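A.B. asks: Dropping a prediction and its sequence here:
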Amino acid sequence: MAGLNILVSESYHAIITDFGSARVMESRGEQGEAEIPSSQPPEIAESALVSPSGCLPEGLTVEVLETITGPGWSTRWASPEVLKGEKPDLPSDIWAGGWICWEPKAIPTDKEAGGEPQIRSAELLLTLGDLAFTQADWDKALASYTRAVDVAKSIDNTRVWWRALYQMGTIRLSQRRYDEALSLFNGAGNVAMKCSDSDEFFLGQATSIRQQATVFIIQGQLELAEMVLEQSYGAFRFVDSPSLIPSALLPYLTTRGWLYKKQEKYEKAIKDYKLCCEISAAVGDEYSQAEAAYGMADACYRLERYAEVAEYAEAAAKLFPRVGSDLNNHLPKALSLLGFARKALGMWPQAIAPLEEAAALFRATPTTEHHNLADICKMQADELRYMIGLFDGPGVMRQTIALDPNTPNITITITEDGIVMTPAPSDESNPQV
């Protein structure tokens, strides 16, 4: 098998072609397997377990037929054993199939021709963009989405068209290019209105309008954001497909929860985030689950409910690394909330690691705001390390004071009840107490 021999139909079905060197395998029960060649040259047939005429050896019966690749192979798709000189078989075909699945993600440049392969499948370009998106490779993602839009427009594939515009807007939003993001989201919504499929029509409207509300929340236009979110809700409630409903509902809940936080309606925000967590856990959407867990941690922190902050922030910190792209840098924010909550709960040693990890992640971002947050987290971690050396716990200070070389050390403990001075244990070099 080779990628060159797989064609894609207009309905996006893969069709395997070029069976010129394929051989049919035949099961012969307990005696193993025999092969029936199909229009093979004599030198190939002689290496098979059948006669050159293609007849079965006497006494064998055909039970199950399947095909495997013949002796000819291409280096790019060849398995290690084939490269070592062994004959191709079913496992080597499986190896080739794995490489074929990998090719859409990493199609090589034709350097000899001096150019790149021109992909004309809008669906494939959209998928390539999504793969780059999950890896936070914004330049590559934008290039794939832009080409997907061009191809989709030429063939009037409105589904790919609006989705690519939407993803481009999401990237621009993460880059704080809000005017471009609004324009792209508005364009995605307009294209979605051309979809003949009602689910795509309403899904495109709902998601595009919701992201416009996100921009308005960032810009502090909370009343406008609330109005736009209601329009988003009015659109996505008409989506009928069970597989598409979470695509609109979960981001809507996280966005409305964020709006409630901005409006200081923390209990309403927590209610939305909890519902989002339950639904996303049920449908296996870990990204929405992580976003909702972080949102709950942040809302609970504003209410000084530190035990809940620690629970939700820890859950979010475990989920974000598994889902790839973190557009909003919520992983370091969740880690910082976890550290602050543990500090407030008196769990000082356990608070240091998340604070230091958050500081490193914030420092890796290009924005001054995140660098300031990195300084705060690092300062908090350093302070805790210092305090742990002085304190047995909150309110219980431990300090050793040397009066002079000939006098034993004195331990002074400061508590809410007062100051206690205790002689330190003596050692062999200084037995006097």
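C.D. replies: Yes, it's here.
A.B. asks: How many residues are close by Q231?
C.D. replies: When neighbours are defined as other Cβ atoms under 10 Å, Q231 has 14 of them. All C-beta atoms are positioned from the backbone trio N, CA, C, and that covers glycine.
A.B. asks: now swap in P80 and tell me
C.D. replies: Using other Cβ under 10 Å: P80 sits among 9 other residues.
A.B. asks: give me phi/psi at it?
C.D. replies: With angles defined as degrees, to the nearest 10, P80 sits at phi -60, psi -40.
A.B. asks: ok, the closest residue to it other than its chain neighbours - contacts?
C.D. replies: Distances taken as Cβ to Cβ, 6 or more residues apart in numbering place W95 nearest to P80, at 7.8 Å, with adjacent residues excluded. For W95, the contact set (Cβ atoms under 8 Å, 6 or more residues apart in numbering) comprises W77, A78, S79, P80.
A.B. asks: From I100, how far out is the last one?
C.D. replies: P80 is 17 Å from I100, where distance means Cβ to Cβ, to the nearest Å.
A.B. asks: hmm, back to that, list only those of the contacts of W95 flagged as buried.
C.D. replies: The neighbour count (16 or more other Cβ atoms under 10 Å) marks W77, A78, S79 as buried among those.
A.B. asks: Any idea which of these the model trusts least?
C.D. replies: In terms of pLDDT, W77 ranks lowest among the buried ones among the contacts of W95, with 78.
A.B. asks: right, and Q212 touches F185 too?
C.D. replies: Yes. In this structure, Q212 is within contact of F185 by Cβ atoms under 8 Å, at 5.0 Å.
A.B. asks: out of those two, which sits in the more crowded spot?
C.D. replies: In this view Q212 and F185 are compared by other Cβ under 10 Å, and F185 has more residues nearby, 26 against 22.
A.B. asks: The more buried one and E103: what is the separation?
C.D. replies: The value you get for F185 to E103, if Cβ to Cβ is used, is 32 Å.
A.B. asks: and what of F133?
C.D. replies: In terms of Cβ to Cβ, F133 sits 19 Å off from E103.
A.B. asks: Could you list the low-confidence segments of the stretch 101-250 of the chain?
C.D. replies: Low-confidence segments of the stretch 101-250 of the chain (pLDDT under 70): 104-119.
A.B. asks: Next: the stretch 301-433 of the chain.
C.D. replies: 324-328, 389-433.
A.B. asks: just checking, L7 is part of a strand?
C.D. replies: Yes. With DSSP: H, G, I helix; E, B strand; the rest coil as the criterion, L7 is part of a strand.
A.B. asks: tell me the secondary structure for the closest residue in space to it that isn't next to it in sequence?
C.D. replies: Once flanking residues are discounted, L7 sits nearest to I15: 4.7 Å by Cβ to Cβ, 6+ apart. Classification of I15 using three-state DSSP returns strand.
A.B. asks: Might you report the residue contacts of L224?
C.D. replies: F216.
A.B. asks: quick thing: my sequence starts at 410, can you match it?
C.D. replies: Noted, 410 is the first residue going forward, which turns the last one into L633.
A.B. asks: what's the helix or strand for it?
C.D. replies: helix 631-645 (DSSP states H and E).
A.B. asks: buried ones in that helix?
C.D. replies: Neighbour-count burial for helix 631-645, counted by 16+ other Cβ under 10 Å, picks out A634, E635, V637, L638, S641, Y642, A644, F645.
A.B. asks: for those, which one is nearest P758?
C.D. replies: Taking Cβ to Cβ as the measure, A634 is the one of those closest to P758, at 41.2 Å.
A.B. asks: what's the closest non-adjacent residue to that closest one?
C.D. replies: A634 sits nearest to F625 (Cβ to Cβ, 6+ apart), 3.8 Å away.
A.B. asks: same deal with N414?
C.D. replies: What sits nearest to N414 in space, not counting adjacent residues and going by Cβ to Cβ, 6+ apart, is D427, at 4.3 Å.
A.B. asks: tell me the SS of the one you found?
C.D. replies: coil.
A.B. asks: Isn't it up against I415?
C.D. replies: No. At 9.3 Å, D427 does not count as touching I415 under the criterion of Cβ under 8 Å.
A.B. asks: Overlap in contacts, those two.
C.D. replies: With Cβ under 8 Å, 6+ apart, D427 and I415 have no common neighbours.
A.B. asks: which of the two has more neighbours?
C.D. replies: The neighbour count for D427 versus I415, taken as other Cβ under 10 Å, is higher for I415 (15 against 12).
A.B. asks: Show me what whichever helix in the chain runs longest is packed up against.
C.D. replies: As assigned by DSSP state H, the longest helix anywhere in the chain is helix 777-799. In this structure, helix 777-799 packs against helix 739-753, helix 757-772, strand 805-810, with contacts taken as 3 or more Cβ pairs under 8 Å, 6 or more residues apart in numbering; DSSP states H and E.
A.B. asks: what about R586, distance to P741?
C.D. replies: 22 Å.
A.B. asks: what do you get for G578?
C.D. replies: Taken as Cβ to Cβ, the span from G578 to P741 is 24 Å.
A.B. asks: what does V417 give?
C.D. replies: 41 Å.
A.B. asks: With neighbour numbers in mind, choose between those two.
C.D. replies: P741 (25 against 13).
A.B. asks: residues in contact with the more buried one?
C.D. replies: E766, A767, A768, L770, F771, H779, L782, C786.
A.B. asks: any idea how far the nearest residue to it once chain neighbours are set aside lies from D546?
C.D. replies: Excluding its sequence neighbours, the residue lying closest to P741 (Cβ to Cβ, 6+ apart) is L770, at 3.7 Å. Remark: distance between L770 and D546 (Cβ to Cβ) = 18 Å.
A.B. asks: Then Y575?
C.D. replies: Y575 is 18 Å from D546, by Cβ to Cβ.
A.B. asks: Settle it for me: which of the two has more neighbours?
C.D. replies: Higher neighbour count among Y575 and D546: Y575, with 21 against 15, using other Cβ under 10 Å.
A.B. asks: so which helix or strand takes in the more buried one?
C.D. replies: Using DSSP H and E, Y575 falls in helix 567-583.
A.B. asks: ok, now A706?
C.D. replies: Using DSSP H and E, A706 falls in helix 695-711.
A.B. asks: Show me which positions of that helix end up buried.
C.D. replies: Buried, per 16+ other Cβ under 10 Å, within helix 695-711: 695-710.
A.B. asks: now the angle from it to helix 739-753?
C.D. replies: 40 degrees (axes from the mean of the first three to the mean of the last three Cα atoms, to 10 degrees).
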